[in-house]
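# sequence and computational prediction follow.
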Amino acid sequence: MILTFIIIIATAIISIAAFNNTELFNKLKFNAYQIKHSGEKWRFFSYALVHSGWIHLIINMYVLYSFGGVVERFFSVNFGALGLLYYALLYLGGVLFSTLFDFGKHKNDMYYNAVGASGAVSAVVFSSILVFPSGSIFLFPIPFPLPSWVFGIAYLIYSAYMGKKGVDNIGHNAHFWGAIFGIVLTIIIVPNVIPNFFSSLFN
């Protein structure tokens, strides 16, 4: 889980630093208008390093910790050293791909901002669901583990609802597109993952 821990530590350090540093927060957050009109393309990636608060950060990193290790180990066992490259591509690709919808929608809106690693985490979650459908996760205060695929569906429903409300700076639309990226990339990397998924689910 070395790469997962590196991502969590780096994200936590920068997010915590940005909590009390408005200049840093504003420099890193996703803003499609600034990307298009000021050429600040780093925002396609840097927004995943900052979060709106402690709860937002802790939830994202807990979910990444819970599911990222599964995917990282799967890729490492099946592809050796190349597995870490695939895992990095999954995470960074999720960061980028999950912003493209909002970039197209808000590129002329200087007031739209978004932060958080949710899109990339969503890519990892849904990759994990495909490669290990019998997995589960504990969520307080639910006293029993939720099957990973149930959590995944609930995660997307929540994201769609919050994205429609649009009441915060969290990129909820990114959850959906991050999930799509995670599913598609995993199918490309592991072509037999879909039949294995259904076989595992119904056996």
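Yep, that arrived. Not measured: the values here are computed from a predicted model.
# for the rest of this, base every contact and every neighbour count on C-alpha atoms.
Fine.
# buried sites along the helix or strand hosting Ile14?
Per DSSP states H and E, Ile14 falls inside helix 2-19. For helix 2-19, a neighbour-count test (16 or more other CA atoms under 10 Å) marks Thr4, Ile7, Ile8, Thr11, Ala12, Ile14, Ser15, Ile16, Ala18 as buried.
# quick one: low-confidence parts of this structure?
Where the chain drops to pLDDT under 70, the residues are 140, 166-171, 203.
# go again with 80.
135-144, 149, 151-152, 155-156, 158-173, 200-203 (pLDDT under 80).
# tell me where the chain has strands.
136-137, 146-147 (DSSP state E).
# with mean neighbour count and distance to Val125 as added columns, please give the ones you listed in TSV.
Below are these laid out as TSV (neighbours: other CA atoms under 10 Å; distance: least, CA to CA, whole Å):
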stretch	mean neighbour count	distance to Val125
strand 136-137	17	11
strand 146-147	15	12
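# any idea which of these gets closest to Leu156?
strand 146-147 (14.6 Å; CA to CA).
# packing partners for the closest one?
On a contact count with 3 or more CA pairs under 8 Å, 6 or more residues apart in numbering; DSSP states H and E, strand 146-147 meets strand 136-137.
# chain center to the strand it packs on: distance?
Offset of strand 136-137 from its chain centre (CA atoms, centre = their mean, to the nearest Å): 17 Å.
# cool, and stretch 111-130?
2 Å.
# CA atoms only: put it into PDB for me.
Provided in PDB are the C-alpha atoms of stretch 111-130 (Å, rounded to 0.1, in the frame of the first residue of the first chain):
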ATOM      1  CA  TYR A 111     -17.300  32.000  -9.600                       C
ATOM      2  CA  TYR A 112     -17.500  28.200  -9.900                       C
ATOM      3  CA  ASN A 113     -14.900  26.400  -7.700                       C
ATOM      4  CA  ALA A 114     -14.400  22.800  -6.500                       C
ATOM      5  CA  VAL A 115     -11.900  21.000  -4.200                       C
ATOM      6  CA  GLY A 116     -11.300  17.500  -3.000                       C
ATOM      7  CA  ALA A 117     -10.000  14.200  -4.100                       C
ATOM      8  CA  SER A 118     -13.400  12.700  -4.400                       C
ATOM      9  CA  GLY A 119     -13.200  12.100  -8.200                       C
ATOM     10  CA  ALA A 120     -10.000  10.200  -7.900                       C
ATOM     11  CA  VAL A 121     -11.200   8.300  -4.900                       C
ATOM     12  CA  SER A 122     -14.400   7.400  -6.800                       C
ATOM     13  CA  ALA A 123     -12.200   5.900  -9.600                       C
ATOM     14  CA  VAL A 124     -10.400   3.800  -7.000                       C
ATOM     15  CA  VAL A 125     -13.600   2.700  -5.300                       C
ATOM     16  CA  PHE A 126     -15.200   1.500  -8.400                       C
ATOM     17  CA  SER A 127     -12.000  -0.200  -9.600                       C
ATOM     18  CA  SER A 128     -12.000  -2.000  -6.300                       C
ATOM     19  CA  ILE A 129     -15.600  -3.000  -6.600                       C
ATOM     20  CA  LEU A 130     -14.800  -4.700 -10.000                       C
END
